[in-house]
Structures are given as C-alpha cells and as structure tokens.
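Chemist: Provided below for reference: sequence and predicted model.
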Amino acid sequence: MASKGKVFSGARPTGRQHLGNYLGAIKNYVALQKDYDCIYCIVDLHALTTMETTHDLIENTYEMALDFLAAGVDPKNTILFVQSQVPQVTELHTLLSMVTPLGKLTALPTFKEKVREQPHNVNYGLVGYPVLMAADILLYKANIVPVGVDQAPHLEFTREIARSFNYRYQTNVLIEPEMMVTEVPKVLGIDGEKKMSKSLNNHIEIAATPEETLNRMMQMVTDPARKTRSDPGNPDVCNVFTLHKVFSTPEEVNHVNIECRRAGIGCVECKQLFAKNLNAVLAPFREKRAALSQNRDDVFDVLQDGAKRAREIAIKTMSEVREAIGLL
Ligand code: SF4
C-alpha cells in the first residue's frame, strides 16, 4: 500500500513499558506502520533536561526498544533510533532558536510546570525543550505527528516555528506537520486515582510475568464504596472495569457490568478474570520479547541501523536549511 505520509513520534527512554504506555502509544505506533512511513525516536536528549543521573540511561533505552520491537515495531520499514545519535538535531535546534521568541518559551504552561517541579534545576535545556522537539519533527520532514489532545499546543508551537523560519529566510524547506489527534485512553494506575506512571509505582509492566501481573492486579483499588463482597459495586467508577473494556470480550464486560451492580461477582474474581485476559493478550508479546532478549546486541544493531537511516535524512535537510539561511 502506498504511504499516506511520514509519521514522527518521540518518546523518552523510560525503560520497561507499562500498560499506560502500551495503550497510549505503542499500540498506535504499531498500527500506524500499516499506512505510513514511520520514524520513532527515543529522545534521550530530552530526558537529560529532567534527569538527576544518567546511570540507567542506556539500560532504559535498551529495555524500551526491546518492548517496542517485541510489540511489533518493524525495523525493516520503520526507523527506530536514539535522538542523540543524530547530532544534526542539535544544530537545527540552534538555528530554530534564532526564530523563536524567548518570551514565548518562558510563558508556556509546560515550562512553568517544570519550574515548579524542579526549582533546583531550571536549566537552559528546559526552556529550549519545545524548540528541540520542533527540531526533531522538522529535521525528518515528518508531515504527520500523532498527539493526544493535551499535546496539541506543543505541535502548534512546532508549526509556528516552521512558519517563522520559512518566512524569515523566504524558503519552504521546513514542512509544517499536521497533527493526528489520537484517542489516548487515560489509563489510571493501580491506585485507581493517578495516571499510570513508573515514578508513582502504580504501574503494571507489560513485560511482567503472568504471576506478577495478577499480583499487581490484586492491589488495584476498585469502587471505594464497595467495602465487602456483599455490597453492590459501581463499575463506572472502577478502574478494573475500565480496563476490562479494553482487554475482555463484550460478553465478559457485560457480565461484569451486570453482576458487579448486584454483588453477583466479587472484586477478586473480577480481577482474576481481567488478569487472565490481559496475560492472554500479552502472551505473544512476552514470548517475542524473551526471544529478542537472548541477543542484546541485536537490539542495539537495530538502533544503530535506524540512526544511520535517520542521519541520511537529517544531513540532507540540514544542507537545505543551511543553504536557505545563507551559511557558508
Ligand atoms: S466487581 Fe469488578 S468492576 Fe465491580 S468494583 Fe469489583 S473490580 Fe470493580
């Protein structure tokens, strides 16, 4: 099938991925490959803006790449690479920073939020974060970027930078990417309150064993009003039910929906059913992951090859960018 365009997406190297990552990004990454030329980047430079230590950086990059590959990211067609292995992105970042008003960057809600989160480390990279993000996308001339609704302003910022650059240098070398707004389900953690996140330790790793998965499920908070087995529950406020809707059959979802409300099913049984279904869905992924992990170098080879292909595009774009500016 002819490609419908070039997709770019970046993700921080966060190590082994969890259910929230899987439903929010990885599933979509895999699906997009059918219709688009895809470039997926593990953005280690972005990670440096907030990292206290880099001890785990390579390991987290490896684990994340392993999850992507096991889930179905196909390195034969898709370019999967690590951001810092294409140094042209930092050059474009510098050049784009010349057409980006500083006031705009410091006024961004995301910057202010980071200042609140890490007042001891308000570094220059944090301010320039959206410019580096724009450089990521524009360097590879991606025309489509999948984003969740909450990320839409970031992409709009990239579009503005592309316009400013093209206007300043009277060129059309940079392509304004279109956003593909994806339905990203908000996956809550096992605390049933906050978004699933590794840092909050409320996550379920997709590479976990079936036993670990069941164990984590058993810790999941359900309808808080359902104190005992004989209390009727309300699946509408229960995170387990939300996940059932993704991983269980319509019949099972219907069964839980009815039986929970009349205390016909207990939470333990309900969670066991869910864990069984989740483990069944993830079984092929886990099998492939185990096979891939037999040879660690293969994963790094995929990343090296991806970086090589990404650099070829980057070098070409930078040559056009430099010419448009009038650099020697
Ligand atoms: S039975 Fe299931 S849906 Fe109902 S409260 Fe318990 S875990 Fe949630």
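Modeler: The structure has been received and is ready for your questions. Numbers count the residues shown, from 1 in each chain.

Chemist: where do the helices sit along the stretch 201-328 of the chain?
Modeler: Using DSSP state H, counting those that start in this stretch, the helices of the stretch 201-328 of the chain run over 210-218, 239-247, 250-261, 267-292, 296-325.

Chemist: in the first one, what counts as buried?
Modeler: Think helix 210-218. 213-214, 216-217 (16 or more other C-beta atoms under 10 Å). For glycine as for every other residue, the C-beta is placed from the backbone atoms N, C-alpha and C.

Chemist: again with the longest one
Modeler: For helix 296-325, the buried set under the neighbour-count rule, 16+ other C-beta under 10 Å, comprises 299, 302-303, 306-307, 309-311, 313-314, 317-318, 321, 324.

Chemist: show me what contacts S164?
Modeler: For S164, the contact set (C-beta atoms under 8 Å, 6 or more residues apart in numbering) comprises 99-100.

Chemist: any stretches of the stretch 151-300 of the chain with poor pLDDT?
Modeler: 184 (pLDDT under 70).

Chemist: and it, which of its residues are near the ligand?
Modeler: Contact residues (C-beta under 6 Å from any ligand atom) of the stretch 151-300 of the chain with the ligand: 222-223, 226, 233, 235, 238, 240-241, 256, 260, 265, 267, 270-271.

Chemist: give me the number of residues near N21?
Modeler: 24 (other C-beta atoms under 10 Å).

Chemist: which SSE is it in?
Modeler: Element membership of N21, judged by DSSP states H and E, is helix 19-21.

Chemist: quick one: residues in contact with the next helix-or-strand element following that helix.
Modeler: Where DSSP H and E defines the elements, the next helix or strand beyond helix 19-21 is helix 27-32. Contacts with helix 27-32, where a contact means C-beta under 8 Å, 6+ apart, come from 7, 9, 38, 40, 68, 71-73, 146, 182.

Chemist: report the buried residues of helix 27-32.
Modeler: 27-30, 32.

Chemist: could you pull out the helices for the stretch 1-150 of the chain?
Modeler: 19-21, 27-32, 44-48, 57-71, 88-97, 102-106, 109-117, 124-139.

Chemist: so what's the residue of the chain positioned farthest from its centre closest to, chain neighbours aside?
Modeler: In the chain, counting by C-alpha atoms, centre = their mean, S230 sits farthest out from the average C-alpha position, at 40.3 Å. Leaving out its chain neighbours, the residue that sits closest to S230 by C-beta to C-beta, 6 or more residues apart in numbering is A263, at 5.4 Å.

Chemist: what about whichever residue of the stretch 1-150 of the chain sits closest to the ligand, neighbour count?
Modeler: Closest residue of the stretch 1-150 of the chain to the ligand, C-beta to the nearest ligand atom: L19 (15.8 Å). A total of 24 residues lie near L19 under the criterion other C-beta under 10 Å.

Chemist: contacts only, for it.
Modeler: 187, 196, 203-204, 206, 243, 278.

Chemist: A strand includes M179, no?
Modeler: Yes: per DSSP: H, G, I helix; E, B strand; the rest coil, M179 lies within a strand segment.

Chemist: that one contacts G148, correct?
Modeler: No: counting by C-beta atoms under 8 Å, M179 sits too far from G148 to count as a contact (10.0 Å).
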